[in-house]
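Participant: I need the structure of the sequence given here:
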Amino acid sequence: MSTSRDDMPRRAGGRRRPLRWILLALVLLPAAAGLWCWWVAAQIRYFAQTDQAAPSDAIAVFGAAEYAGKPSPVYRARLDHAKSLYARGIAPLVITLGGPGGDAFTEGGVGQAYLMGAGIPEGDLIAETHSRNTTESAARLAVIARANHLQRIVVVSDPMHLFRIHAICAADGLNVLTSPRPPSEKTEEHVPPSDPIWHEIVTYTLWRLHLD
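Facilitator: Coordinates of the predicted model:
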């Protein structure tokens, strides 16, 4: 069976078509990834620089490291900010979040004890002591909110952390406002400013892909 000369250009064009799609994908995928990273970074910066604190039903403090029953400098800064919001009358209840810290204590329990020592009555505090990460903390906060009929919650954490927290809480059905803890020389790590942003871009993307 012979092949006519007229068939040869069509076959050559058919072979080139997949190559065109591959080349187009190689151009568009990096552009889409770059646009995604730019958008997430913009959201991270917005939430990091915006204090939304307003009268609410509770203040929730996302946990950080504790050392032998004492909050780390980062965690203490978050707790002090929550105490300030409580003193301003933003909410009558403070919820501390975080499970075991690798010793006999939990982040939530340490936070509760610290705030009691700072003058907040025990009856105005709830400690969540089982969550191991941000996603679990948000899920357990949702359970606490439903059990206590909390309609709106101010969440406190590090500035770069708040966009992801807001998104996860919203996915769990929570109505939250965000309030970043103030910066402090004692709590800022000596790393390039872009590092926390890239960490949050990656962790937020993994969460959106259900890969965290």
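Participant: from residue 177, how far off is residue 155?
Facilitator: 7 Å (C-beta to C-beta, to the nearest Å). No exception for glycine: its C-beta is placed from N, CA and C like everyone else's.
Participant: do the same with residue 209
Facilitator: 27 Å.
Participant: quick one: which of these two has more around it?
Facilitator: residue 177 (20 against 8; other C-beta atoms under 10 Å).
Participant: doesn't the more buried one fall inside a strand?
Facilitator: Yes. Assessed by DSSP: H, G, I helix; E, B strand; the rest coil, residue 177 belongs to a strand.
Participant: separation between residue 61 and residue 114?
Facilitator: Distance of residue 61 to residue 114, computed by C-beta to C-beta: 10 Å.
Participant: I misspoke; the intended subject was residue 143.
Facilitator: Distance from residue 143 to residue 114, by C-beta to C-beta: 23 Å.
Participant: which one of these two has more residues nearby?
Facilitator: More neighbours surround residue 114 than the other of residue 143 and residue 114, with 22 against 11 (other C-beta under 10 Å).
Participant: which residues touch the more buried one?
Facilitator: Going by C-beta atoms under 8 Å, 6 or more residues apart in numbering, residue 114 touches 70, 71, 76, 79.
Participant: and residue 200, by the same measure?
Facilitator: Residue 200 neighbours (C-beta under 8 Å, 6+ apart): 40, 44, 160, 161, 163, 164.
Participant: could you report the neighbour count for residue 167?
Facilitator: 18.
Participant: make 22 the starting number, not 1.
Facilitator: All right, first residue 22 from here; so that's residue 188.
Participant: hmm, it is touching residue 225, no?
Facilitator: Yes. With contact defined as C-beta atoms under 8 Å, residue 188 counts as touching residue 225 (6.9 Å).
Participant: picking up where we left off before, between residue 82 and residue 135, which contacts overlap?
Facilitator: Residues touching both residue 82 and residue 135 (C-beta under 8 Å, 6+ apart): residue 100.
Participant: biggest separation within the contacts of residue 135, which pair?
Facilitator: Largest separation among the contacts of residue 135 by C-beta to C-beta: 91 and 100, giving 11.1 Å.
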